[in-house]
Each structure stands twice: as structure tokens, then as C-alpha cells.
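>>> coords below, sequence missing:
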């Protein structure tokens, strides 16, 4: 019996990179948080402190910056793939790479009814994410988002649940259902011509429409149908995973006051919250490999 | 020489209140974070622990909820004024009240090209704020926002500055200028018919247009002109205060690589940051009283 | 080819539970953040919104509170195991449970040289964590901590690393090495008489001593030796995983001023940071099962 | 009637500065977050974008670093005073300066029973703060701390309070009282020989002892007595201000379960919270000037 080195990886996390496109007076902006993790022949660095095969994380950061000049980092999925392949193909001890990216969206400031050429305001609520994994035998793109905060003020039931000796919750046919949605969807060995920005917008649209229109009997049910609808619309998606806190809105009890409260005034509570995990997968999906192995807590 | 009780106030902070309007199938939502501070005859509570004049903060919270039913809490300024006046007028030991409100905006989810009746997504980046102060002799409304993140990719200079023995910064005629803007503007004894939502939208528009179109020689100059333009457009505003971190975007040095970087690839730094305070005031403005005395760190 | 339901779980996250022991005037306090995830026969809730097998997350919360009365929640590992087994054993549709706990430590306030009976101050920097997983065939306890912030002002080298066309970092034989350490160690089917609090204190001591005394040639090497030393001291530990951001401290360049800087004045940077993952495992360790499958982002 | 420039200031916020003392093998560490604000003749920068009197914030940052070499930045109050005076005395357009500092404490790692020479762990919970203000006619030091989290499990009442139509709270003679205390105390024109570190430790000790031993009838009362006791012990303190959220711990209702709950199991709630402001002042205190005018949200 002995103690041996287990799985390891290292890299540079959270490089905050802003790329301006200024070929014309109408500038463009891509605003990213890039994290890089490398796998490979680095055991000697752990066991003996020998760095001869270790590409410094500082170099990885430099490379991320230069790569954002060599190519347009929009879409982030293509940028991430190119950057990951560089490390695997060009740096000898590297056998695998994972690039995790957060993208913050900006919109143009309107001036006298027209969008301004070079002035932007941070927009939207959700953060778009990508996690690209290049392995020796396959590569994966996990597209997704975090922090999409949605709320339905009706159209949500919760009833007929299991009751035990610790149950005090009352069933309801009309409640607020709100969440801050994290969604991620996997494509393994995707074709070179995937339109990543169109897929992102389309998946989000389908998910929001399903969320809005489905009569909900549980957040579990809502999540499953959102995932299924998105995958039906986008056959290239092999698998989708959703994580959703049930952001509880409690009806404030007005019974001791001279007022009624017909699902009108709520307390939005912070903690605790229900936390629901759901996933959908094609029954013929390629293996996921390390696609879901998070490096940072970011994506 | 003796030690005496100095200024004091107390209240309930950060009541997270969501109000749904559901008179028709097309629901409305107002999502607030409400903080209440009371001034008055509470010295005995501090000196001797005597609570006879102390309205519990729990009661204040209840009142905020009930008030959101008695009246529509949109606009937040009118709701805050009514709530503050209740405490001052109806609770005997209370001589002054301050209500600080954060408002989170939501937009309707589009479904098949139409906005949905009861499904919403959190929108925008800035948080709208209001601070209402009712004093015995005057009342003040400070309208504003925090966290409006804006960026110009050109049209910003910084040069001809003071140089001393610790100066290493190089002058520039083309840099990114970005900030997360906090703005607050004061109206003292405002008329009853102020259209608060229109004023809020209008001030934000004027400020963004000024930010976009002014050729900037300093963030200081930009802030001053934003404030002046807003106050010229809205004569009821007595005073405006701005606080803006200079969110530095550093051009990444590519000189050691085989690449150029013509203001294209930047590192968005976290800390330190320049922090600029600016204000504009009408020379005949009514006294500010306690209008600017923050209760929470929120507004 | 069809889309099918993938892995799922649900539960109540972040129940903030404080337990006071007050059998004598000398009170005790245990301050916890408890998250519960259940696995089992819940497919109908996802597919059809049928809740008949779903124990509401509200009930799970109630149970966590009652369990903290039925038994002392200190040590947290025993409390977590008992709570998990209750769900698996007593709630028919439940086949597996995971309990994740954060524990915040308090120390007694000293008064006239003695520790006070019932007044406490939050202490320490790290947050102790436990993740208990009960599966049909095994159970696992992952003990650990997050946010242990440590720094060595010398005794750390970084040199002889791989150089490519994007490398600008200079080697060094004397740098600050600092991190905010996350450590987790797994015991599978642990004996009933494990002294969890003693193990926690002991592992932390061994790790800190190794961190202090090892001449470091890389954070990778330091982490591996910390893990190995802890596992040598505690044979019951099957596996240990470490995650450590390299919190960079950059020597400030004084060359343009009339001052020297001999490793004395540093800029503590926020982002980016190196992020190192390391692990050690016994070569005869029992399978990990779902021990490492995080439910919340907490532990 | 015209719009004129109101009060302004600018500077560099949150420079994260770490100073190592390494004259002997037993190193010392001082870990700071330094913010600098300057007042003076900068109107042209606001009005016209003219920077000729503006010392760049980048230069201010450089100066903070160099000053930490010129002198030991411990105690932070003396360092802040020296740095502020440099700007006022040596930079011609500057007429006033404010330095706000957060200090993070570290303790030595014990190894084999002895404290290690150069290895440290971040300690304690509270953050020590200082705000130094140099004005033309006076200078002020505001010493203090934030985030000192304390809890009493008994010895706290709340009863006999004002009741109105919105009151539902029940009086109690035994509750948990907990807060995250912010305290600041002002010295105007302090003597050169103040022992700042001893004063800091002493004030904290007196405040904690008062918190522990006073039978509490309100957080208001507790805060006042803490402030008064500290000022009685330290006659140089002119004024003290406290801000304390009442971190509510709600007894969990076990009445529907087969368990009792005799002040043993609590829910620690996040929001809303009571928020109490208290202050004590000597009746012959020198005027406070700008001592309390915060620049950042930090101190």
C-alpha cells in the first residue's frame, strides 16, 4: 500500500481580456474572462519540483492575449478551440487542454435614435459561458450561460407531494416560480461550420419560451421540458444539464392586518433555496469524456 | 467634560419586497429592496434600554409590505414618500424618516414575437435607487442609479498632467474609458406631479448621450458635463452627485511577440482604480438638509 | 435516437442553522450551512410533474433543524451521516443522499482573563466543510476546508521552466508564495469511532507545517507534499484533493525612483491567478463512487 | 440661477500593498488596501479637461508603494498621516488629502510548537481600518474596524416596545443577539506619541467585554455602553460611531413536530436585518471637519 499522485492539472484562471475591433469607425467589443487548464506530462513538477515540462501560467496568459489578436475571439467557442489546440499541438508535454470562458455582453448606447459607433453599455443579466475540452481522442464544446434570472407570477403549481412527519408545507395551485438558471449543453466533435452565436441565441429563445408557456407542476418538470425542447430544436446537442435554485417568494401573511393579499405582496427570500439538477441526453450520444470536468468554479 | 449621546437612528434594512399587479391577466412586477431608518425621541432606548418609544424594526418591515398593497409601489419615489410620512405622521415619537430603495428591473419574455403576460426576465445592468428623507422642515427625494457600466473604445485622452518624481504614466490621445457609474440627483420639496419614471429615463438618456459624444480629456470633465447636461434638461433637480471608478483597461504589451497591438487587446484590471467624485449644484438650491446622509451602504 | 432523462437530484441548499447547547450556564455553539440533495425514484416529477414521490425541500429543511435537536450536530460528519441515513432509510423513494455542510467557527470572548460563558466572536479564516454521501453500496465522508489563506515571504523558487515564444516571465529563487487553499479528503466506509474533530485539527496542522518547512520549487510540489504528509499521518484517508489559486504578489518596480526594493514592497494582484489542482490517492483505495460529485458550489 | 461645480475629489482607490520586513530571518508582514483622495485646485480638470494641476492617480499609487519602503507602514495611522502630508505639503495644487486603509492581519504558522519565521496564515475576522484626513486647519485620525462578528446566546431581552397596528413581534426575555460590528473612533490633532496599535487592541478589548457582560435590553443600549466604555478608557478619543446590523436568529418552530426547542435551534436569517446607528461624543470635542466624509465604501 502506498500513496501515489492522483489526477492533476494546472493553468491560469480568470484572465480578463477585452478585444476591440476597430478596422472601421464603428468599433466592436468582445469582453471575456478566460481560464486555461493543461493536462500532460507534469508529474515531476508535483513530485520533485522539476519545472522542465511546465509552461508557466504567465505564458498561458500571454498566449490568450496574443490569440485574441491573431483571430477574432468572437465566437468564443472557436477562439477557445483554437487556443486549446495550440497548447496541445505546439507545446510538447501538453496532452490535453481545457479553456473556460465567460463572456459579458455589451450593447451600443443610443444617441439621437442611432446606435453609437464606439460607446457601449453592459447589457443583459446572464453571462454566456463556454468550456472547450481537447482530449487525445475527442474534443468537446459545452456552450451555456449562468445567472439568467427569470420569474413567472402565475402558471405554477406545487401539490400532491409526499408528506411525512416533518412536512408543514401547504399545497398550492398558484405561486411565483423564479430561478437564476445555469444551463450547459454539450457538443462532442462538432462540425466546423456550427454557427455558435446563432445556436446560443436559439437555445436561449426556446428555453425561455418553454419556461413561459408550460403550465408548471414542479421546477423539475419545467427544467426537463426546457432541455428537451432545446435539444429537439438543435440536433447537434448531445446532452444538456441544468441547475436551478428555486428562489422562494413567500406570500406575506396579512391576516393580522386589515388588508388582503391575493398573491400580490411577496417576500423574496435569500436562503435556503431549493436546488434542482436536471439533465437530458440523447440515447446515442458520444461519450462525454472530460467535457463536464470543471476547472474553475466559473462555468 | 463628559461623554454624551451623539446622533442616532435605527430601522429595518433590506426588506426584499416583490409586488405583483394582477388585476388583469397581463401582470406587472415591481421588485424592491427597502430600507427604513427612523429619527426621533429614542434616547432612552440607547441610554437605559427603555423601548417604550421604539417601534420595532419588525413592525417597520410589516408596514413596508402593507404599504405596497395600499398603494402601487411604482414609482418608488412616491411609495417611499408615503411610507416615510406614515412613520412621521402616525407614530408619535418619530420626527424624521429616511427610506432607501433599490429597484431591480424586469422585462417581459418574448414568445412568438409577443411579450408574455406573466413571465419576466431580469434586465439591464444598473440598479435604480431612491432615497427619500422626510424632515420636520423639508423633504427630499434623491433619485439615482448604481452599477451602470459604460465603456468608450476611443474618444478619450489623458495628457498634459502634473508630473512629479513618482510619475511613470505616459500621456495618451486614445484610450479606453470605462466606469461603473453611480449617480444621484436631489429634489427638495418637489412638486406633487413630478413624473418620476419619466425623469429617471430622461436623466439616464441625457447622461449616456453626453458620455458618448463628449470628446473626453479626463473622467472628471466627462462627469461634470454629464451632470450639467442632465440638470439643464431637468430644472427641478437642485443638485447632482456622481461617483465613478476609472476601470482601467491596460493595453497588453506585444513588443516581445511577433504581433502588433494597435489599441486592440486590453487587460481589464480589477484594482486599484481611479475613483472620481464630481457634483453640480444650482447656485440658488434649497439647503440639502439630511438628503445625502446615507443610512445603508446601498444607495 | 431519442432524448431521455439523464442524471438528476434535488434538495434544499444553504439552510443556515445555529445550534446552542445550554444544559449548563456555559453555552456551546455550532453554526452551520446545511445543504441536502436526494437521489431516487423521482423521474415522474421531471417527466410529468407528478410529485407523489417527492419529499418537498421545505420538509428537508425542517428535518435538518429537528435533527440538530435530536443529536448534537458537532461533529458535523456524524450529524451529516445520521441525517443522510434518515432520508435513505425512512423515506421510501429515496435511494441516495448527499449532505454538504459548511461550519463557521466561534471562540469565546475573553473577559478579565477568562473565556465568557455565552459570548462568542467568529474566528479563524478557513471554513470547515463536510460532504457526506450515502449510496446503496457504500458511504463516504469528505472532510475538508476552504479559504485557508497562507503566505510564505521566502523559501519559494520558480525557475528552469519550459520556455516558448510567448514566455516573458523571469525565473526567481525568492518570491512570495501565497494561496487560499481548498482541501478535501475522503474516507469511504469509515469506522464508527473516527474522532472527526481530532482528525480535522491534525490534518490541518500537518498541512500547515509542511507548507511552512518545505523549500518550494513550485506550488504543485508544495501541494503534493502537503497531501502526502497528511495521508501518512492519517491512514484512514483514502484520497485527498487540493485546489489552490496562486495569489500572485508582484514586486513593485522602483527602478525609476530613488529607492531600492529588495523583496519588500509587493502588489497583491486579484486576477488572473494560477490555479493548481493536485491529488494524492492510496493505490488500494476503495472506489470513490459519488463522493466527489458536488451538489452545491459550497464544498 | 446657474449650475455650478460642487464639491469634488479624486484619487486612487484600493491599492493592495503588502510590505515584508526582512532585516532578520524572522520576517514581518503588513497587508494593506490603501485608498487616496486629494482635494485642491482641480476645477479646470472638471470644467475644461485641463490636467495641469492633476497628479495622476497612477502617480498616487506609485507614491503609496514608495512610502511603504521609506517608512514602516505599521502602524497604519502613522503611515497614512505621512502619506497625506506628503501630498498636501509637496504637491502644490493639493490642499487636503484623505487616506483610507484596510489592514488584514496575519499570524505566524506554528511548527513544532514555535511560530515560524516566514510563514503566515490570515487570521481574525475583523478588518482593521484607518481614515486619515489632513485639512488646512486640522488633521483627523479615525481608527476602527469592520466585520467583527459577535454573538450572545443569552443575556438579551427585547420587550415593552411601542405597539401599533402593524406590530406582530412578541416580546422576549431571552434571545440570541448577534451583529457584525463596524466601529470608528475619531482623534482630532492627536499627539505624536499615540500608541496606535495599543489603542486599537485596548478599544477592542473594552468593547468586547462590555458586549459580553452588559445585560442587554436593546442593541441600541448595548452599542451606547460599548462606545462610552471605550471612550472612558481612552480620553484621546473625541467621538465614536457604531453601525450594527441586528443579525436575526429566529427560533425554529417545533410545535408541529414531536420535539421541544428551548432556545436551542435557530435559523440565522440573511435579510432583512435591523440596522442600528449609535454614537458618543465628548461635549468639548474639537470640530470633526471632514473626518467622517467617506471617500470609498471601505471604511
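Thanks, I have the structure now. Values in this document were obtained by computation on a predicted structure and should not be read as measured data. Numbers count the residues shown, from 1 in each chain, chains lettered A, B, ... in the order given.
>>> in what helix or strand does residue A:281 lie?
Element membership for residue A:281, per DSSP states H and E: strand A:273-282.
>>> Going by neighbour count, which residues of the top helix by length along chain A are buried?
In chain A, ranked by residue count with DSSP state H as the criterion, the top helix is helix A:196-213. Using 16 or more other CB atoms under 10 Å in any protein chain shown as the test for burial, helix A:196-213 gives A:196, A:199-200, A:203-204, A:206-212. The C-beta positions use only the backbone N, C-alpha and C, and glycine is treated the same way.
>>> if I pick the closest residue to residue A:104 other than its chain neighbours, what's in contact with it?
Take residue A:104 and drop its neighbours on the chain: the residue closest to it by CB to CB, 6 or more residues apart in numbering or on different chains is residue A:31, 4.5 Å away. Taking CB atoms under 8 Å, 6 or more residues apart in numbering or on different chains as the contact definition, residue A:31 lies against A:17-19, A:103-106, B:268.
>>> Try it again at 7 Å.
Residues in contact with residue A:31, defined by CB atoms under 7 Å, 6 or more residues apart in numbering or on different chains, are A:18, A:103-104, A:106.
>>> what does residue A:206 give?
Residues in contact with residue A:206 (CB under 7 Å, 6+ apart) are A:229-230, A:233.
>>> cool, residue A:204 as well?
Contacts of residue A:204 by CB under 7 Å, 6+ apart are residue A:145.
>>> Give me the neighbour count for residue A:264.
For residue A:264, the neighbour count with other CB atoms under 10 Å in any protein chain shown is 19.
>>> Does the spatially closest residue to it that is not a sequence neighbour lie in a helix or a strand, and which?
In space, and not counting its chain neighbours, residue A:264 is closest to residue B:20: 5.5 Å by CB to CB, 6+ apart. Using DSSP H and E, residue B:20 sits within strand B:9-21.
>>> Just checking: what are the partner strands of that strand?
strand A:265-268 (antiparallel), strand B:28-40 (antiparallel), strand D:273-282 (antiparallel) (DSSP bridges).
>>> Please identify the buried residues of that strand?
Result for strand B:9-21 [16+ other CB under 10 Å]: buried residues B:9-20.
>>> Redo these as a markdown table? Include pLDDT and distance to residue D:248.
Output for those, formatted as a markdown table (pLDDT from 0 to 100; distance: CB to CB, whole Å):
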| residue | pLDDT | distance to residue D:248 |
| --- | --- | --- |
| B:9 | 98 | 19 |
| B:10 | 98 | 14 |
| B:11 | 98 | 14 |
| B:12 | 98 | 10 |
| B:13 | 98 | 11 |
| B:14 | 98 | 12 |
| B:15 | 98 | 12 |
| B:16 | 98 | 14 |
| B:17 | 98 | 17 |
| B:18 | 98 | 20 |
| B:19 | 98 | 23 |
| B:20 | 98 | 26 |
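>>> Quick check: pLDDT value at residue A:299.
Looking at residue A:299, its pLDDT is 49.
>>> in the stretch 1-150 of chain A, which spans are strands?
Along the stretch 1-150 of chain A, counting by DSSP state E, counting those that start in this stretch, strands occupy A:3-5, A:9-21, A:28-40, A:94-104, A:106-111, A:114-122, A:127-134, A:139-152.
>>> buried set for stretch A:109-122?
A:109, A:111, A:116-122.
>>> next one: stretch A:41-51
Those would be A:42, A:44-46, A:49-51, for stretch A:41-51 by 16+ other CB under 10 Å.
>>> Do that stretch and chain C come into contact?
Yes: under the criterion of CB under 7 Å from any CB of the partner chain, chain C is reached by stretch A:41-51 at A:45-49, A:51.
>>> how about these, which pair is most distant?
Maximum pairwise distance in the residues of stretch A:41-51 next to chain C, criterion CB to CB, is 12.1 Å, between A:47 and A:51.
>>> any idea how far residue A:119 is from chain D?
17 Å (CB to the nearest CB, to the nearest Å).
>>> what pairs with that residue across the strands?
With DSSP bridges as the criterion, residue A:119 is bridged to residue B:152.
>>> For the stretch 151-299 of chain A, what lies in contact range of chain B?
A:151-155, A:208-209, A:211-213, A:249, A:252, A:254, A:257, A:259, A:261, A:263-268.
>>> Likewise for the stretch 1-150 of chain A?
So far as CB under 7 Å from any CB goes, the stretch 1-150 of chain A lies against chain B at A:16-20, A:22, A:27, A:29, A:65-66, A:68-69, A:106, A:109, A:111, A:116, A:118-123, A:125, A:148-150.
>>> show me where pLDDT drops low in the stretch 151-299 of chain A?
Across the stretch 151-299 of chain A, the ranges flagged by pLDDT under 70 are A:298-299.
>>> Looking at it, which residue is nearest chain D?
residue A:270 (4.2 Å; CB to the nearest CB).
>>> Please, which helix or strand holds the closest residue to that residue other than its chain neighbours?
Spatial nearest neighbour of residue A:270, chain neighbours left out: residue D:270 (4.2 Å); criterion: CB to CB, 6+ apart. According to DSSP H and E, residue D:270 maps onto no helix or strand at all.
>>> wouldn't residue D:270 be in contact with residue A:272 here?
No: Residue D:270 lies out of contact with residue A:272 (CB atoms under 7 Å); the separation is 10.0 Å.
>>> who has more neighbours, the two?
For residue D:270 versus residue A:272, neighbours defined as other CB under 10 Å are more numerous around residue A:272 (26 against 14).
>>> how about the closest residue to the more buried one other than its chain neighbours, what does it touch?
Spatial nearest neighbour of residue A:272, excluding adjacent residues (CB to CB, 6+ apart): residue C:15 at 4.2 Å. Counting by CB under 7 Å, 6+ apart, residue C:15 touches A:272, C:34, C:61, C:64.
>>> ditto for residue A:195
By CB under 7 Å, 6+ apart, residue A:195 has no neighbours at all.
>>> how much space is there between it and chain B?
Per CB to the nearest CB, residue A:195 is found 21 Å from chain B.
>>> Neighbours of residue A:106, how many?
Neighbour tally, residue A:106, other CB under 10 Å: 21.
>>> Need the nearest residue in space to it, chain neighbours excluded.
Here the residue nearest residue A:106, using CB to CB, 6+ apart, is residue A:120, at 3.9 Å.
>>> Also residue A:203?
Residue A:203's closest residue in space is residue A:230 (CB to CB, 6+ apart), at 4.7 Å.
>>> can you confirm the one you found is in a helix?
Yes: per DSSP: H, G, I helix; E, B strand; the rest coil, residue A:230 lies within a helix segment.
>>> looking at it, residue A:239 is touching residue A:278, isn't it?
No: between residue A:239 and residue A:278 there is no contact under CB under 7 Å: 11.7 Å.
>>> So these two - more neighbours on which side?
For residue A:239 versus residue A:278, neighbours defined as other CB under 10 Å are more numerous around residue A:278 (28 against 24).
>>> Mind checking the strands paired with strand B:9-21 for the one nearest to residue B:284?
Smallest distance to residue B:284 across these (CB to CB): 27.6 Å, for strand B:28-40.
>>> returning to what we had before: okay if I get the contacts of residue A:31 as TSV plus distance to residue C:135?
Shown next, in TSV, are the contacts of residue A:31 (distance: CB to CB, whole Å):
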residue	distance to residue C:135
A:18	46
A:103	37
A:104	40
A:106	46
